[in-house]
Structures are given as structure tokens and as C-alpha cells.
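Provide a 3D model corresponding to the input given below.
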Amino acid sequence: MSVAISRSEVAEPPKVTVAGEGRVSFAADAQGVTRLKDLYHSDPIRIVFPTPPRGEIPSAVFVTTSGGLVGGDRLELCASVGEGASALVTVQAAEKIYRSAGQDCIINVSLDCRGDAWMEWLPQETILFEGARLRRRTSVDLAPGGQLLAGELLVLGRGAMGEKITRGLVRDHWEIRRDGQLVWADALCLEDEIERVIAHPAGLGGATALGTIVYGAEDAPERLDAARALLENADRDVRGGATVVNGLLLIRLLAEDPYPLRRAYGDFWAAFRNLTGGHEAQLPRLWHI
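Numbering: from 1, shown residues only. Next comes the predicted model:
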């Protein structure tokens, strides 16, 4: 006896996806020295702590061991700097978002900067391949008296490989709250006719590399002129601007080529952290690898 089985009754092998989480927090001890307070990570996320140069603040590095993300993958990244502490949080290398068969890749970033704290969130580039689908949300809680320097770099396509982004999804969403109140929300969304939006003068004007830097602190409005002066020194192939919204200093950078944008981004960051936080005008060693 034979039994007919329809395709709908045949179980398909489950898609292998990743769901990694990383949490790190720093706190100041009784002597005011910043110490690691809490740490948790699960595959494919690892958090490492390189020895900082003499006189530098402690740092934590998020490492994604999977080598890149595809549709259906999900990452949860959380970092906190407690009252009176200082720390820099970065990532080991550029994050690659590969082509998706339909599902979205989800990245949620949560940052918490307490009063009298100095916090830096300095990730490297997120590179989107043709057909990639990314939804990223960065949520920030900023307490009165805290100083936050946070940013993001986004690269649309592998220009060096001759690749152009024509399809896929990019939704990059920021929310910043000060003392529990929403003070800034921003979302970049590209899905239909992405190549046209990139090329159009009213869109990105040919830019495939985008940089965002946010400085949240009580003195942020007073730093506007200094930020604009630093942008004037950027490579001529990089377009940049700075403004103040609800007491936050916002810096945008655009370029057709990711390399000059990365260089301008790093130069600005190094100089600005020195100006506002009194730290060395340098970036983590990983930035130069």
C-alpha cells in the first residue's frame, strides 16, 4: 500500500539563526575608580576588556563571533555606566549584514548613562550587502549630569567590490531620553527604490556611507561652534553638519566613499572627546586594525 504525502506535510529543516545577547555595566567604587559591575554574554556575542593605555578610561569590546548576520538573526547589546564612572564601549570590527531570503535582521542597542558619568558608544561600520534587511533600534537613557558621546556608521553596499544596494531594507531608529523624557527620536528608512534614493539630490545625494554622532550633556549647546569648526577640517569628499535639538548636539557625516568618511569620523571623535571630556585625543587601538 502506498500513501501520498503532499509537500505541505513534509517538514522543512529549521532555519539556523542566532540570538545573541551581551550586557556590560561599569560603576565607580568608593575611591571613584571605575570598575566592572556586571557582565553577561551569550553566543555569538562575546565581551572582552583590553588593557587601556596609561591614563585612559576602561573599555569594553563587543565581539560577534558568527562573522556576520543574516535574516532572522537577532542581537541585543546593552551597556551602562554608573554614577561618577567613565567607560568606552566599542566593537571589534565592522558588522556585516548579508543578503536575506525574506526575514529581517534585528539589532537592539540599549545605553544607560547615569549622573556625573562619562560614556562613549563607538561602534565601527555596519556594512549592508545587496538584499540585506536590517532593523536596528538604539535606545538611550541619559541622567541629568551625565555626558554621553554616542554614534553609528552605516555603509550601503560594498563599493570596493562594485556592489550597489538596489533592494533590501534599512530601518535605523534612535531614541534618547533625558531623565525619562523623550528628547530626540530619529529614523532612517530605506526599502523601495533604494538605489534611486541614494542617487537623488533630495535623498542621499550619492552618499553610500553615513555617520551619526550624538553628544548629550549639560554643555552640549555650548559646543556647537566647536563641532562646526572641527567639521571644517574634514576631507573635502565628506559632507558634514552639526545642530542642536532639545539640548543635544547632533553631527551628521555623508560621503560616497566609506574610507574618507571613516577617517573624518574618527578624527572628529578623537578631537571632540578631548575637548568635552578631557580624555586623550585618540581612538581605541582596535579602530586602527
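
and the particular helix or strand that has Asp225 in it, what's its mean pLDDT?
Assessed by DSSP states H and E, Asp225 sits inside helix 224-231. Mean pLDDT, helix 224-231: 97.

what's downstream of it, the next helix or strand?
That would be, after helix 224-231 and using DSSP H and E, strand 238-245.

In the stretch 51-200 of the chain, what residue spans correspond to strands?
Taking DSSP state E, counting those that start in this stretch, the strands of the stretch 51-200 of the chain run over residues 59-64, 74-81, 86-91, 95-97, 105-113, 118-122, 125-128, 133-142, 147-156, 169-178, 181-190.

Against Val183, how distant is Glu218?
Applying C-beta to C-beta, to the nearest Å, the value for Glu218 to Val183 is 13 Å. Placement of C-beta: from N, CA and C, glycine included.

likewise Asp235?
Asp235 sits 31 Å away from Val183, going by C-beta to C-beta.

tell me the most buried of the strands of the stretch 51-200 of the chain?
Neighbour counts (mean count of other C-beta atoms under 10 Å) averaged over each of the strands of the stretch 51-200 of the chain peak at strand 118-122, with a mean of 25.

Which strands or helices does it pack on?
When contacts are defined as 3 or more C-beta pairs under 8 Å, 6 or more residues apart in numbering; DSSP states H and E, strand 118-122 packs onto strand 74-81, strand 86-91, strand 105-113, strand 147-156, helix 258-277.

let's see it at 6 Å
When contacts are defined as 3 or more C-beta pairs under 6 Å, 6 or more residues apart in numbering; DSSP states H and E, strand 118-122 sits against strand 86-91, strand 147-156.

Which among the ones you listed is found nearest to Arg252?
strand 147-156 (10.5 Å; C-beta to C-beta).

tilt between the closest one and strand 181-190?
Orientation check (axes from the mean of the first three to the mean of the last three C-alpha atoms, to 10 degrees): strand 147-156 against strand 181-190 gives 10 degrees.

wait, what's in contact with the residue nearest the centre of the chain?
The chain has Glu152 as the residue nearest its centroid, 3.5 Å off, counting by C-alpha atoms, centre = their mean. Under the criterion of C-beta atoms under 6 Å, 6 or more residues apart in numbering, the contact list for Glu152 reads Thr212.

again, but for Val63
Applying C-beta under 6 Å, 6+ apart, we find Val63 in contact with Arg46, Gln92.

Swap in 8 Å and give it another go.
The contact partners of Val63, by C-beta atoms under 8 Å, 6 or more residues apart in numbering, come to Ile45, Arg46, Ile47, Val48, Val91, Gln92.

Report the separation between Ala143 and Arg54.
Per C-beta to C-beta, Ala143 is found 29 Å from Arg54.

quick one, which of these two is more surrounded?
Ala143 (18 against 6; other C-beta atoms under 10 Å).

And the pLDDT at that one?
Reported pLDDT for Ala143: 97.
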